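1. This is a predicted model, with the sequence first.
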Amino acid sequence: MPNLDSGGAGVRLTPALLRSIFPKAPATVIEAFAEKQGVLSAVGVNQTRQRLAYFFANIHHETAGFTIRGLIENINYTASRMAQVWPNRFKNAAAVQAKYGTASGWQRRAFDDIYGNRMGNRPGTNDGSTYIGRGGPQITGRDGYEQISKRIGVDLVASPDLASRHDLQPDICAAFWDWKGLNRFADNGDFRGCVKLWNGGTNGLADRQSQLARITKILQGAEWGEITAAPVKPPPKPVPDLAPPDPAPIAQPAPTPQPSVWAAFFMAIAKLLRRA
């Protein structure tokens, strides 16, 4: 497993450069990529401009430039849209409605069925609608969440919504690229092959190619140099014990001294003599 905190030589990603690639992305995403470039160099993604162009072109398409709501796949499909996306499964919208109905929650049932028993999703569970696309790569399927979790040290399987956190996007995107082994496609100039392995098909190929052409031009003017590793944040300081101190013990009165046995004996004799 690569060390995702290491640095190395590569294309320097300044905030201005990143903003030109993702014009509408949240500032927190731009800041994360600028600060954590070491995670990209650790997997070699920014060691060539072509690799980086392939990387960002696909991310831009998957997330509309990090603008999709919550960085999560929208599963609130209409029946006609579902038939359009999966034409091999459904002949038309009526076929979708016949299988899943129209009652509230039908889309989740559909995703549990469509995504179930593949991509590591367990049959007969809600994995299909739980492990939907999230984050820059739009990780999909329990297998994907497990693979990324291993690489970044964050349990996305137990907490899938963490895959949408802005500060984790460099880590997640780099881990996804490494998991899929996509450097070889960029090095061979095989963008279609990269898309197929990324997406499982060639969905959105035209837009991806358009983004590739745009981003390639932007990266031609990017600086090259040593990439500083992401600073390792110190562990949080332990929270002081705020419990009140134990109360001071209540002072006890000193015990009254007791006379010795002999003193008591002579005192008794004295009392008898006074009575005589």
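-> Happy to help now that I have it. Numbers count the residues shown, from 1 in each chain.

2. rest of the way, CA atoms for contacts and neighbours
-> Noted.

3. Please save the CA atoms from the strand or helix carrying Leu219 in PDB.
-> Following DSSP states H and E, one finds Leu219 within helix 205-220. What follows is helix 205-220, C-alpha atoms only, in PDB (Å, rounded to 0.1, in the frame of the first residue of the first chain):
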ATOM      1  CA  LEU A 205     -17.200   9.700 -23.000                       C
ATOM      2  CA  ALA A 206     -17.800  12.900 -25.100                       C
ATOM      3  CA  ASP A 207     -17.800  15.200 -22.100                       C
ATOM      4  CA  ARG A 208     -14.800  13.400 -20.600                       C
ATOM      5  CA  GLN A 209     -12.900  13.900 -23.800                       C
ATOM      6  CA  SER A 210     -13.900  17.600 -23.900                       C
ATOM      7  CA  GLN A 211     -12.700  18.000 -20.300                       C
ATOM      8  CA  LEU A 212      -9.500  16.200 -21.200                       C
ATOM      9  CA  ALA A 213      -8.700  18.700 -24.100                       C
ATOM     10  CA  ARG A 214      -9.500  21.700 -21.800                       C
ATOM     11  CA  ILE A 215      -7.500  20.500 -18.900                       C
ATOM     12  CA  THR A 216      -4.500  19.400 -21.000                       C
ATOM     13  CA  LYS A 217      -4.200  23.000 -22.300                       C
ATOM     14  CA  ILE A 218      -4.300  24.300 -18.700                       C
ATOM     15  CA  LEU A 219      -1.600  21.900 -17.500                       C
ATOM     16  CA  GLN A 220       0.800  22.900 -20.200                       C
END
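
4. Look up how far Ala94 lies from Arg165.
-> From Arg165 over to Ala94 the distance is 37 Å, taken as CA to CA, to the nearest Å.

5. neighbour count winner among these two?
-> Shown here are Arg165 and Ala94; by other CA atoms under 10 Å, Arg165 has more neighbours (16 against 13).

6. Direction included, what does the helix or strand that the helix holding Leu219 is followed by pair up with?
-> Remark: after helix 205-220, the chain's next helix or strand is strand 224-227, criterion DSSP H and E. Strand 224-227 pairs in its sheet with strand 8-11 (antiparallel), by DSSP bridges.

7. Identify the residues contacting the strand it pairs with?
-> Strand 8-11 is contacted from outside by 38, 41-42, 46-49, 222-229, using CA atoms under 8 Å, 6 or more residues apart in numbering.

8. Next SSE downstream of it?
-> Proceeding N to C from strand 8-11, the next assigned helix or strand is helix 15-21, under DSSP H and E.

9. Any chance you could list what contacts that next one?
-> With contact meaning CA under 8 Å, 6+ apart, helix 15-21 is reached by Ala25, Ile30, Glu31, Phe33, Ala34, Phe56, Ile215, Ile218, Ala222.

10. Quick check: the first one touching Gly65?
-> So that's Ala25. Yes: contact criterion CA atoms under 8 Å: Ala25 and Gly65 qualify, at 5.9 Å.

11. Could I have the buried ones of the contacts of strand 8-11 as PyMOL selection syntax?
-> Command for PyMOL, covering only those of the contacts of strand 8-11 found buried under the criterion 16 or more other CA atoms under 10 Å:
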select buried, resi 38+41+42+46+47+48+49+227+228+229
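
12. ok, Gln37 - how many residues close by?
-> Neighbours of Gln37 under the rule other CA under 10 Å: 29.

13. what do you get for Leu71?
-> Neighbour count for Leu71, taken as other CA under 10 Å: 23.

14. now do Cys194
-> The number of residues near Cys194, taken as other CA under 10 Å, comes to 24.
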